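Engineer: Kindly return the folded structure for what I paste below:
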Amino acid sequence: MPPTSCDVAVVGGGIMGAATAFWLRRHDPSLRVVVCEAETLAHGASGRNAGFLLLGTHTDYASAIGAHGRSRARQLWQFTQETVQLIRETLDGAAFDLALTGSLIAAGSPEEAERLRRSAELLAEDGAEAVYHDAGDVNRRIHAQGFHGALFVPEGGTMHPVKLVRHLLALSGATALEGARVTAMEPVNRGMRLVSERGIVEAGMVVLTLGAYLPQLVPEAAQFVRPVRAQMLATAPVAPVLGLPVYSHGGFFYLRQHADGRLLLGGARHLHEAEEVGYDDATTEALQADLEAYLQTHLPEIGAPVIERRWSGTMGFSPDGLPVVGTVPGLERATFATGFTGHGMGFSLRFGLLLANRVFERTDSYADLFDTRQVNAAT
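Structural biologist: Sure thing, here's the model as predicted:
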């Protein structure tokens, strides 16, 4: 069969690939964009997460300042604020069950509670809105026990991640090739040639949004990302206890409740670190038992709910916990983005815009924020 020709090929049909295709076509509707997905759209981490739309990074704001400096931490917070704003103003939230409830960052220890209290002060100084609640307030608010305090962030909320990916691609009008795993790529003439399981794709530019799987195509990218498994469970419907997503214990547990009463809970990988590294997407009895114990400890009102489903997905973790953008070594027409460290949804739409701007060689105020040089400097 003849090659598929396009102006830009996006490799990876998850949230970053869909967001990039959306902005490419929004900037230039005549652009021929092809999205190559190895399995089905949102098959990987984008379709296996809890659908949290959180501000900031994987850690609290005070810790982010300690790790990255005040200026960069502020930029990262603003970047995710822009994601929420773009989602709210640009997309049809009803198409992907968008609920802008805000979020609750709950402390699993007194030390974490103090960091969250300090985070509230720092965010206020930087012009962001966040409210600290003491232990009594937070436990009453979500019918829980055992939390030592919490930070309420009024922006953000939840959505259905698979529906969001499909909504973006439908709006983009890009051609989606499912079952088109890309196994090789090489420069040809003034473009790129991709070898996929559905044939050859010839493109002027390539954007790789493969998450944890990037090193399988670009081995040099292993310095920027490693695969980490995330396990989750879903209960049968229970009485309403949560009106917003809860991100607790430094992000090592995360919990939300659907409108139908089902609870979604993920995390506990810090209790099984060695076992949770790699591409195996099986669930394990030991970690799943820790998830159930978390429910019994913090939400005793719901009793011991029936667990209807258990699953896992593979996330891409970066060395410093932040995404990274770069050019594939030796392939100046191939850009990659990876290392979202479990927070791809919070970065999603604004990150797709950043990648599209990179393709078009347009100025982007965040162009240097995620550059590979930042990782190199940190390491």
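Engineer: List the contacts of the residue found closest to residue 300 once you drop the neighbours it is linked to in the chain.
Structural biologist: Nearest non-adjacent residue to residue 300, counting by CB to CB, 6 or more residues apart in numbering: residue 145, 6.3 Å away. C-beta: built from backbone N, CA, C; applies to glycine. Applying CB atoms under 8 Å, 6 or more residues apart in numbering to residue 145 gives the contacts 139, 297, 298, 300.
Engineer: So which of those residues sit within strands?
Structural biologist: For the contacts of residue 145, not one is inside strands, with DSSP state E as the criterion.
Engineer: hmm, which of these are the buried ones?
Structural biologist: With neighbours counted by 16 or more other CB atoms under 10 Å, the contacts of residue 145 contain buried members at 139, 298.
Engineer: Max pairwise distance over the contacts of residue 145: which two?
Structural biologist: Pairwise distances across those peak at 11.9 Å for 139 and 297 (criterion: CB to CB).
Engineer: Next, show the common contact partners of the two.
Structural biologist: Common neighbours of residue 139 and residue 297, counting by CB under 8 Å, 6+ apart, are 145, 146.
Engineer: Please tell me how far stretch 148-156 is from the chain's geometric centre.
Structural biologist: 19 Å (CA atoms, centre = their mean, to the nearest Å).
Engineer: got a list of contacts for that stretch?
Structural biologist: Here stretch 148-156 makes contact (CB under 8 Å, 6+ apart) with 52-56, 60, 80-81, 84, 100, 102-110, 112-113, 116-117, 119-120, 129-135, 137-138, 346.
Engineer: Show me just the buried residues among those.
Structural biologist: By 16+ other CB under 10 Å, the contacts of stretch 148-156 give 52-56, 60, 80-81, 84, 100, 102-108, 112-113, 116-117, 119-120, 130, 132-133, 135, 138, 346 as buried.
Engineer: Select from those every entry located in strands.
Structural biologist: In strands, judged by DSSP E, the following of these are found: 52, 53, 103, 104, 105, 106, 132, 133.
Engineer: Closest one to residue 229 out of the residues you listed, please.
Structural biologist: Using CB to CB, these come closest to residue 229 at residue 52, 17.5 Å.
Engineer: what sits against the closest one?
Structural biologist: Residue 52 is in contact with 103, 156, 158, 245, 247, 254, 256, 345, 346, counting by CB under 8 Å, 6+ apart.
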